[in-house]
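Participant: Task: produce atomic coordinates for the following.
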Amino acid sequence: MRGSRPKKPAGKTVVESPAKRHRKRERKSKSASKGQPKVVTPMTATPTPSNNPMTAPRVRACKLIEVPIVSPELETLPRYSRYAQEKFLMPVAIPGQTDLGINTLGSNLNKKSGTRESVVREGIRARYNSTIERPIRTVTRFSRRPIIVVPQAMSSLITLHNAKELLEQLHFVQPEMQRPLGTLRPEEVAIEREFSDGKLKKYRIIDNVSKLCPDEWQRVIAVFALGPHWQFKGWPWHGDAAVIFHKVCAFHLYYKDVGVHKDLLNMEINSLEISKNEPHTHSSILMQFWATLDKYVRTQGQFSFLVKERVYFPE
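Facilitator: Down below sits the predicted model:
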């Protein structure tokens, strides 16, 4: 019969060609896509025109995502303000306080009562409180050295600036030559004196007696008088020069061509005359000062304790 296909012989397997299998797959894919809506796939790239479909570039399709537009009035994110930084500390800080609530005087030790740490801590606190409540005795210390007082006035031939050169080295130097420019006046000077047996004894040279305690006043053995009686203001015995010269060995150092000061005439004082043109005589005059002072300390009973303490004369 014309137009009828020949029947397949029974028991034989028909092998389909590759072209026929390809056409079947295309029909199945078309029938499956008939019930689905079409998706618009925009072109992400412009394909290059080509007549050969095998060499044409493939274009990937992507779905469009709709992003809602929010007006500025609906934004809830906080904006930055350099005047509102304190609000970030509020969750950490204690309400009503400006700090973070950290006790810098605290301790991380175990504060449970009965522990070894608490017992030691309480003992230290009790000992500290006892030292506070207990009155503290102040012990005033003073030097046991003999004291020689010199004038403060720069017009005097002996001051703190040249006392060491004059009394220790027995060499007379004018005070203005011994005082460098811009230097401050020292509070006191310590000198050493060598005795005949080779032992050294120290003396204190001061020009301000306002800081002396009663025990130190007993060790004032000599004073260099300038002349005017205002020099003895602040001294005991009401600052009377006549009484002071009976209690202390007094000396007056002056130039030979000037003479003794008028306020010191007819007073019990030891004169030391210095000649400007005869410097070779200065040493013998200053040695006369030490000889007179040693004799005075030996004969005066108020200075006998210096000999007993062995702070003035050697053994």
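Participant: Low-confidence bits of the stretch 201-315 of the chain, can you list those?
Facilitator: 313-315 (pLDDT under 70).
Participant: For it, just list every one of the strands.
Facilitator: For the stretch 201-315 of the chain, the strands defined by DSSP state E, counting those that start in this stretch occupy 220-224, 249-255, 270-274.
Participant: Can you verify my assumption that residue 309 contacts residue 145?
Facilitator: No. Distance between residue 309 and residue 145: 10.4 Å, which falls outside the contact criterion (Cβ atoms under 8 Å). Placement of C-beta: from N, CA and C, glycine included.
Participant: Settle it for me: which of these two has more neighbours?
Facilitator: Neighbours per residue, other Cβ atoms under 10 Å: of residue 309 and residue 145, the larger number sits with residue 145, 17 against 10.
Participant: what's that one sitting at in phi/psi?
Facilitator: phi -80, psi 150 (degrees, to the nearest 10).
Participant: Double-check it against residue 206; I have them as touching.
Facilitator: No. The pair formed by residue 145 and residue 206 falls short of the contact definition of Cβ under 8 Å, at 10.7 Å.
Participant: tell me the pLDDT at the closest residue to residue 311 other than its chain neighbours?
Facilitator: With Cβ to Cβ, 6 or more residues apart in numbering as the measure, residue 144 is the residue that lies nearest to residue 311, at 5.2 Å, once sequence neighbours are left out. Here, the pLDDT recorded for residue 144 equals 82.
Participant: do you know how far residue 144 is from residue 154?
Facilitator: Taking Cβ to Cβ, to the nearest Å as the measure, residue 144 and residue 154 are separated by 31 Å.
Participant: before we move on, what about residue 231?
Facilitator: 13 Å.
Participant: Between those two, point out the one with more neighbours.
Facilitator: Neighbours were tallied for residue 231 and for residue 154 using other Cβ under 10 Å; the higher tally belongs to residue 231 (22 against 11).
Participant: Quick check: closest non-adjacent residue to that one.
Facilitator: Here the residue nearest residue 231, using Cβ to Cβ, 6+ apart, is residue 151, at 5.8 Å.
Participant: hang on, the one you found packs against residue 161?
Facilitator: No. Between residue 151 and residue 161 no contact is recorded; they are 11.7 Å apart, counting by Cβ under 8 Å.
Participant: residue contacts, residue 175?
Facilitator: Taking Cβ atoms under 8 Å, 6 or more residues apart in numbering as the criterion, residue 175 is in contact with 154, 156-159, 161-162.
Participant: Kindly supply the PyMOL command isolating those of these that are buried.
Facilitator: Paste this into PyMOL to select the buried members of the contacts of residue 175, with burial taken from 16 or more other Cβ atoms under 10 Å:
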select buried, resi 156+157+158+159+161+162
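Participant: ok, the contacts of residue 175 vs residue 294, which is closest?
Facilitator: When the contacts of residue 175 are compared for distance to residue 294 (Cβ to Cβ), residue 158 comes out closest, at 18.6 Å.
Participant: And that closest one, how close does it get to residue 169?
Facilitator: Using Cβ to Cβ, which is the criterion applied here, residue 158 is 13 Å from residue 169.
Participant: ok, now residue 189?
Facilitator: For residue 189, the distance to residue 169 (Cβ to Cβ) stands at 13 Å.
Participant: okay, those two: which has more neighbours?
Facilitator: Between residue 189 and residue 169, counting by other Cβ under 10 Å, residue 189 is the more crowded of the two (20 against 12).
Participant: Does the more buried one belong to a helix, a strand or coil?
Facilitator: Each residue gets one of three states, and residue 189 gets strand by DSSP: H, G, I helix; E, B strand; the rest coil.
Participant: on that earlier part again, looking at pLDDT only, which of the contacts of residue 175 scores worst?
Facilitator: Confidence-wise, residue 154 trails the rest of those, at 85.
Participant: Would you check that that residue makes contact with residue 176?
Facilitator: Yes. Assessed by Cβ under 8 Å, residue 154 is found in contact with residue 176 at 7.0 Å.
Participant: Perfect, that will be all.
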